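[1] 3D, please:
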Amino acid sequence: MKPNQNKVIVVEGNHDKARIQSIFPDVDIVITNGREISVDTLQDLLHLNRTRGLVLMLDPDVPGEKIRKTVNDWVGPTEHVFLPKSMCTDRQKGKVGIEHAPLSEIKKALSVHVLNQTNQGSITNADLHTRGLIGQRDSSARRQKVCDALGIGLANGKTLLNKLNMFNIDLTTIDRVIE
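    Have a look, this model is predicted:
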């Protein structure tokens with residue numbers, strides 16, 4: 001991993017992501033979509049682990065542990081953050097998940113990993129539009145070419161913008177691919 005690059009947090013779902021971003025709004029977070037983690041997502045995580053490092057904050061249950069194993073088998077060693085199951089349980093609904101943990105505990109658990117993080121990328125929607133990657137009839141095909149060349153999986157315009165910035169891909173690299 002390169003020095004001074006910010007790690008990416010990996011969670012199971014959108015509620016987990018929203019909870020973490022309410023504390024650390026500028027961190028980059030990848031969602032696994034639970035046990036249904038796709039090969040494209042695993043490829044993204046492999047790339048991110050090599051360039052920035054990953055911090056897994058998954059639910060303290062059997063599916064969460066299976067996801068940890070799947071991710072680590074695919075991408076290699078990662079950092080892990082654990083919260084006790086008792087802290088992550090919604091007593092009324094009987095559900096377990098990071099999204100049920102107190103914000104103070106999430107903050108304490110992640111502070112070591114995410115303090116002073118900022119999104120490194122600076123690509124904007126205007127940059128994508130100028131290069132025909134959004135807002136034009138052939139944008140989808142152009143995005144596909146860029147995604148294939150960069151090995152970042154299929155993406156719509158919004159997802160492409162997020163991935164380019166998360167992976168710290170610069171405009172020069174994109175321009176080379178488009179030519």
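[2] C-alpha only now, for contacts and for neighbours.
    Will do.
[3] where exactly do the strands run in the protein?
    Secondary structure of the chain (DSSP state E): strands at 8-11, 29-31, 54-56, 79-80, 89-90, 95-96.
[4] how about JSON lines for the ones you listed, with mean pLDDT added?
    Shown next, in JSON lines, are the strands of the chain (pLDDT from 0 to 100):
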{"stretch": "strand 8-11", "mean pLDDT": "96"}
{"stretch": "strand 29-31", "mean pLDDT": "96"}
{"stretch": "strand 54-56", "mean pLDDT": "94"}
{"stretch": "strand 79-80", "mean pLDDT": "88"}
{"stretch": "strand 89-90", "mean pLDDT": "90"}
{"stretch": "strand 95-96", "mean pLDDT": "90"}
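[5] from residue 77, how far off is the residue nearest to the spatial centre of the chain?
    Per C-alpha atoms, centre = their mean, the C-alpha nearest to the average position across the chain is that of residue 30, at 2.1 Å. Applying C-alpha to C-alpha, to the nearest Å, the value for residue 30 to residue 77 is 17 Å.
[6] then residue 68?
    Taken as C-alpha to C-alpha, the span from residue 68 to residue 77 is 10 Å.
[7] before we move on, the earlier item: looking at the strands of the chain, spot the one closest to residue 139.
    strand 29-31 (24.3 Å; C-alpha to C-alpha).
[8] tell me the bridge partners for the nearest residue to residue 80 once chain neighbours are set aside.
    Spatial nearest neighbour of residue 80, chain neighbours left out: residue 56 (4.8 Å); criterion: C-alpha to C-alpha, 6 or more residues apart in numbering. Taking DSSP bridges as the rule, residue 56 bridges to residue 10, residue 80.
[9] can you pull the contacts of residue 56?
    9, 10, 11, 68, 78, 79, 80, 81 (C-alpha atoms under 8 Å, 6 or more residues apart in numbering).
[10] any idea which helix or strand of this protein has the worst average confidence?
    helix 103-114 (a mean of 81; mean pLDDT, DSSP states H and E).
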